[in-house]
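K.L.:
Sequence unavailable; structure follows:
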């Protein structure tokens, strides 16, 4: 037996179901799961790799009729996000659905399959001087379907809007074998059910995303990035609010702070050379001192090191009002001083960011997470755990309180996936 092969376990998938899947897809597109395929320690039995959206929908129907659970997966870069699955019979991979189907550059839209890697899409669009104005985590690995399912967007949403503003059409494979489509190739298409916005951020619990259509933006001819030093949380608050209240039009603004360094504010301008120069001059009048970062763009990928492996560490998505930035930094400083823990924060100007917490023990980590969640929720925000030890995840709902929205969310889930076979237990309220 290969070292990475899963130890023998009682079969979960009936031979008749396996035979139906082999007939549909071909034996080479089914394989036994490996230890590397585990989701939070839950090992599925079979990996299914369809070559078309219709085959994926048919495979999902076969498994659903047999009462088998299915976990959608692209590259797996965010497969650990969400609660621990209550079951995982099949993994439905979109890895073979990886094409840019159409780039309608005259209309500034693109149709792309869910398994396409983000950087590959950008390379294709750049041939006509266009881009998807998005800055997700791990662009060289993350797939379009995974980015949509997790609603992963970065600091560029300050200018171009969130992912829900950029996706204008989507195709979902549903458990009954239907390929449901909504939206279209025209940016102003608003007719019908807004399936693109509903599916974005649903963590694959409503259907498996097979295809998406996006609105595009031109690739700028010039980009200038600057960093503003801030001596304390009050200075950070003042700098960000001053920029937001000014006539400046930055493409991105983010705060970088940690328990071991003074906070910084990064600002990105894009456009023509003259336009960027004018923006920089105006920025210097609004807030100073400003130091140009250079062209390597390292400050804009500072979120990725937050996910580096380390014992007793959690990475959380936190949201709050921009007017609460200073209070959050002060609370983090007090928390670190009281518990000797470490924290690092990358926060967007719109009030959404990533927070890394390190503690001496899992119990200490849990206490810190729950304290900050209580603060965020009492301020009208939220804190969602993205990555943490299984010991912490098994005893904590990673999503926090769903509030009054949970009954509606359960109703929507029942409409799309009445048997609860897609990503069971992983979403808000263990949906």
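P.N.:
Yep, that arrived. Because the structure is a prediction, the values reported are computed rather than measured.
K.L.:
Residue 209 is in contact with residue 201, isn't it?
P.N.:
No: using C-beta atoms under 8 Å, residue 209 is not in contact with residue 201; the gap is 11.3 Å. For the C-beta atoms, the positions are set from N, CA and C on the backbone; glycine is no exception.
K.L.:
For those two, work out which one has more neighbours and name it.
P.N.:
residue 209 (31 against 15; other C-beta atoms under 10 Å).
K.L.:
Give me the common contacts of residue 209 and residue 201.
P.N.:
Residues within reach of residue 209 and of residue 201 at once, by C-beta atoms under 8 Å, 6 or more residues apart in numbering, are 148, 149.
K.L.:
And this structure, split by domain according to the record?
P.N.:
By the assignment in automatic domain parsing, the chain contains the domains 15-93, 100-218, 222-300, 304-403.
K.L.:
list the buried ones in the top strand by length along the chain?
P.N.:
Counting residues, the longest strand in the chain under DSSP state E turns out to be strand 261-271. Under the neighbour-count criterion of 16 or more other C-beta atoms under 10 Å, strand 261-271 has 263, 264, 265, 266, 267, 268, 269, 270, 271 buried.
K.L.:
Give the single residue among these positioned nearest to residue 339.
P.N.:
residue 263 (20.2 Å; C-beta to C-beta).
K.L.:
Once you drop chain neighbours, what's closest to that closest one?
P.N.:
residue 257 (3.8 Å; C-beta to C-beta, 6 or more residues apart in numbering).
K.L.:
So the one you found belongs to a helix, correct?
P.N.:
No: using DSSP: H, G, I helix; E, B strand; the rest coil, the secondary structure at residue 257 is strand, not a helix.
K.L.:
Find the residue ranges of the protein scoring beneath the pLDDT cut-off.
P.N.:
Across the chain, the ranges flagged by pLDDT under 70 are 1-13, 184-193, 290-297.
K.L.:
now do 50
P.N.:
1-11, 186-192 (pLDDT under 50).
K.L.:
Have a look at it and report its longest helix.
P.N.:
When the chain is parsed with DSSP state H, its longest helix is helix 362-378.
K.L.:
Do a quick rundown of the strands in the stretch 1-150 of the chain.
P.N.:
Assigned by DSSP state E, counting those that start in this stretch, the strands in the stretch 1-150 of the chain fall at 30-32, 46-48, 70-73, 90-93, 100-104, 109-113, 130-131.
K.L.:
so can I have a markdown table of those showing mean neighbour count and distance to residue 172?
P.N.:
Below are those laid out as a markdown table (neighbours: other C-beta atoms under 10 Å; distance: least, C-beta to C-beta, whole Å):
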| stretch | mean neighbour count | distance to residue 172 |
| --- | --- | --- |
| strand 30-32 | 15 | 22 |
| strand 46-48 | 21 | 17 |
| strand 70-73 | 26 | 10 |
| strand 90-93 | 24 | 12 |
| strand 100-104 | 15 | 16 |
| strand 109-113 | 22 | 13 |
| strand 130-131 | 19 | 25 |
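K.L.:
And the closest residue to residue 74 other than its chain neighbours, how far from residue 41?
P.N.:
Excluding its sequence neighbours, the residue lying closest to residue 74 (C-beta to C-beta, 6+ apart) is residue 143, at 3.2 Å. Separation of residue 143 from residue 41 (C-beta to C-beta, to the nearest Å): 23 Å.
K.L.:
And residue 52, by the same measure?
P.N.:
In terms of C-beta to C-beta, residue 52 sits 32 Å off from residue 41.
K.L.:
Next: residue 374.
P.N.:
28 Å.
K.L.:
What is the neighbour count of residue 86?
P.N.:
Neighbours of residue 86 using other C-beta under 10 Å come to 13.
K.L.:
Over to residue 225?
P.N.:
For residue 225, the tally of surrounding residues (other C-beta under 10 Å) stands at 22.
K.L.:
close enough to count as contact, it and residue 299?
P.N.:
Yes: between residue 225 and residue 299 there is a contact under C-beta under 8 Å: 6.6 Å.
K.L.:
so residue 243 sits in a helix?
P.N.:
Yes: assessed with three-state DSSP, residue 243 lies in a helix.
K.L.:
My understanding was that it contacts residue 253; is that so?
P.N.:
Yes: counting by C-beta under 8 Å, residue 253 is a contact partner of residue 243 at 6.2 Å.
K.L.:
Now do the shared contacts for the two.
P.N.:
265, 267, 349.
K.L.:
Okay then, goodbye and thanks.
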